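Enquirer: only the shape, not the letters, is given here:
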């Protein structure tokens, strides 16, 4: 758990560094866009979004209680 926390802190620090830069040369080198990096910095991933969509499907409401 401690190793996971440290790796998340390092990820946050390195993504903040890349987002603070005015040019996107380093992002081009690693094949990422600024938008993808911002999502990574916020901790949002496609896997999390997919899991959330399956957990709480749209259109299915909870039963109403009287």
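Expert: Perfect, I can see it now. The shown structure was predicted, so the numbers you read here are calculated from the model rather than taken from an experiment. Numbers count the residues shown, from 1 in each chain.

Enquirer: can we go C-alpha only for contacts and neighbour counts from here?
Expert: Will do.

Enquirer: elements contacting the longest helix that the chain contains?
Expert: The helix of greatest length in the chain, counted in residues with DSSP state H as the criterion, is given as helix 2-20. Here helix 2-20 touches helix 34-42, going by 3 or more CA pairs under 8 Å, 6 or more residues apart in numbering; DSSP states H and E.

Enquirer: list the buried residues in the helix it packs on.
Expert: Of the residues in helix 34-42, those buried under the neighbour-count criterion (16 or more other CA atoms under 10 Å) are 37, 41.

Enquirer: quick one: contacts of it?
Expert: By CA atoms under 8 Å, 6 or more residues apart in numbering, the list of residues contacting helix 34-42 from outside reads 11-12, 15-16, 19, 24, 27, 45.

Enquirer: what average pLDDT does stretch 41-58 get?
Expert: When pLDDT is averaged over stretch 41-58, the result is 64.

Enquirer: buried only: go through the contacts of helix 34-42 for me.
Expert: Applying the neighbour count, that is 16+ other CA under 10 Å, the buried entries in the contacts of helix 34-42 are 15, 19, 27.

Enquirer: the longest helix of the chain vs helix 34-42, what angle?
Expert: With axes from the mean of the first three to the mean of the last three CA atoms, to 10 degrees defining the directions, helix 2-20 sits at 150 degrees from helix 34-42.

Enquirer: who's in contact with the helix or strand just after helix 2-20?
Expert: Of the helices and strands lying after helix 2-20 in sequence (DSSP states H and E), the nearest is helix 25-30. Under the contact criterion CA under 8 Å, 6+ apart, helix 25-30 has outside partners 18, 33-34.
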